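Peer 1: 3D model of this:
(one chain, ligands or ions: 2)
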Amino acid sequence: MLQTLYSVNDYKEELVYPAICKALDALSVPDDLRPGMKVAIKPNLVMAKSPVYPVTTHPVVIRCVARYLRSHGITDITLAESSGGLYNAEYMKSLYKTCGVASLEDVLHLNMDFTARTIPCREGFVNHSFHIITPILDADYVINIAKLKTHAMTGYSGGIKNLFGTIPGLEKPQMHYRFPDIEDFSRMLLELAQTVNPAVTIIDAIDAMEGNGPTGGTSHPLHLLLAARDFYTQDYFAAGLMKLDPMEIVMIRQAVEVCLAKPGEITLTGDPIPEDLTPFQVPDTRRLDFSTSLPSFLRKPFTALLGSIFKSYPKLVPEKCVGCGKCAESCPAHIIKIKDHKAHFQKKGCISCFCCQEMCPMKAIEVRKAL
Ligand code: SF4
Ligand code: SF4
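Peer 2: Numbers count the residues shown, from 1 in each chain. Ligands and ions are numbered 1, 2, ... in the order given. Below is the predicted model:
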C-alpha cells in the first residue's frame, strides 16, 4: 500500500498545489483519467462553518485537486456532499457560501441535484442496499477529500467516515437510530465505504481537529497532506499520527479484522513523518465512556447490561443555547424539543449518538455521565 505524506505549512495555493501534484502523480492517478470522464469530489462539509475553523475540508485543497484534474483534461468535476443538516438547494447554497466553496465555481460544479438513488450492496453485507446521493452514483471516478478529526461517536474521522456524507441529509441520523451500537454502526460504515469505493482518498491534515469533534473541537495542526488509494490502511496510519491507538477505533479495528486495512504493508513516500507530533485530545464522550476501553467481545454484553448506567449523554449549557433547533432537527430519537428559545432533552430514548452535539453551531451541548 503506497501512502503519500507531504508537509504543507499553510493553506496557500502555491504550497498546496505542488503537494497535491506530487501525491496524485505518485499514486498514478493520470493513468485512470479519460477524456469526458465525470469526476465527483467528496469533501467534508459537515456543517456551515468558515474554513478558518478545522471543521470542513479547506477550499484551497479542493481547488488544487480540481486544478490538477483540469490540467489532465478533466472538466466535468462536481463537488458532491450531503452535510449534517438538510439536503436541499436553499440549505446547501448557504452552506457552500459559508464553507468557502462557492468561490470554486471557476474550476468545478457545485452539486445542485438533491436527489438520491438506492443501490444494492454486495452479497453477504448486513445492509442490502444504500440510498446514496445522485452525483456520487453518476460519477465515473470519486475522489474523497476528508478532514482529519477526532469524533464524539466514532473516536476518529478520516477517509472511511467521510463517506457517511454520501447518505442524503437527515437520513444520516436515521442510520444512527438503526445502528445505535458502535460495532454495528462501524460495520455499516465499512459496507458503505466498500459500496462507494473512491479511487483516491486525500486527508486534509494541514489543520486538524482535536477534542469534541467533528464540529465542536479545537485546532491541532499537523501541517500534512496525506493521500492513498487504500483509505482503510490510510485511516490506520492517520490515527497513529494523532497518537490514537488505531485498534481502539472500532471502524479501523474492524477494517483490520476483515483485511481491508493492512497496517503491515505501508510504504511511505514524500516527506518524513514529523518528529514533533503530539497526542490529540480525545472527545469528552471517550474520556467518560469506560466501555470504549473494553475488549470488543465484552463491549456488547457490557453495554446491554450496564450501558445505561455508564453511558454518556448530552447536557445543555443553557447560556450558550440560542434555540435554533438544529439539534432537534438532527436527533434520530426525536427527544429534543425547543421551548422558550432553549433546547430541552428527554433522557429516555437517547441513543448517545451525539448528532445533536455535532450539529450545534454554538457548542452548547456538553457530555455528562448517567451517574
Ligand atoms: S443546543 Fe445548539 S443546536 Fe440546539 S437549539 Fe441550542 S444552540 Fe441550537
Ligand atoms: S439527544 Fe442527542 S445523543 Fe440523544 S439521541 Fe438525540 S441526537 Fe442522539
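Peer 1: Okay, domains of the protein per the record?
Peer 2: Described in terms of automatic domain parsing, the domain architecture of the chain consists of the residue ranges 2-270, 284-369.
Peer 1: JSON lines please, covering the ones you listed and showing mean neighbour count.
Peer 2: Glycine gets a C-beta too; all of them are placed from N, C-alpha and C. Formatted as JSON lines, the entries for the domains of the chain read as follows, by neighbours: other CB atoms under 10 Å:
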{"stretch": "domain 2-270", "mean neighbour count": "20"}
{"stretch": "domain 284-369", "mean neighbour count": "17"}
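Peer 1: which stretch among those domains comes nearest ligand 2?
Peer 2: For ligand 2, the closest of these is domain 284-369, at 3.3 Å, according to CB to the nearest ligand atom.
Peer 1: so does that closest one get close to ligand 1?
Peer 2: Yes - with CB under 6 Å from any ligand atom as the measure, domain 284-369 is seen reaching ligand 1 through 316, 321-327, 338, 343, 360, 362, 364-365.
Peer 1: Between the two ends of that domain, how far is it?
Peer 2: Taking CA to CA, to the nearest Å, the span from the opening residue of domain 284-369 to its closing residue is 10 Å.
Peer 1: Can you tell me which residues in this protein are near ligand 2?
Peer 2: With the criterion set to CB under 6 Å from any ligand atom, the chain comes near ligand 2 through 314, 331-333, 335-336, 345, 350-356.
Peer 1: on that earlier part again, give me the subset of the residues of domain 284-369 next to ligand 1 lying in strands.
Peer 2: Secondary structure from DSSP state E places 316, 338, 343, 365 of the residues of domain 284-369 next to ligand 1 in strands.
Peer 1: how about these in JSON lines, adding pLDDT?
Peer 2: Supplementary listing: these in JSON lines, determined by pLDDT from 0 to 100:
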{"residue": "Leu316", "pLDDT": "97"}
{"residue": "Ile338", "pLDDT": "97"}
{"residue": "Ala343", "pLDDT": "98"}
{"residue": "Ile365", "pLDDT": "97"}
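Peer 1: Closest one of the residues you listed to Ile41?
Peer 2: Ile365 (30.6 Å; CB to CB).
Peer 1: tell me the SS of the closest residue to Tyr6 other than its chain neighbours?
Peer 2: In space, Tyr6 comes closest to Ala19 once its chain neighbours are excluded; the distance is 3.8 Å by CB to CB, 6 or more residues apart in numbering. Of the three states, Ala19 takes helix according to DSSP: H, G, I helix; E, B strand; the rest coil.
Peer 1: do you know how far Ala19 is from Val8?
Peer 2: Remark: distance between Ala19 and Val8 (CB to CB, to the nearest Å) = 5 Å.
Peer 1: Thanks a lot, catch you later.
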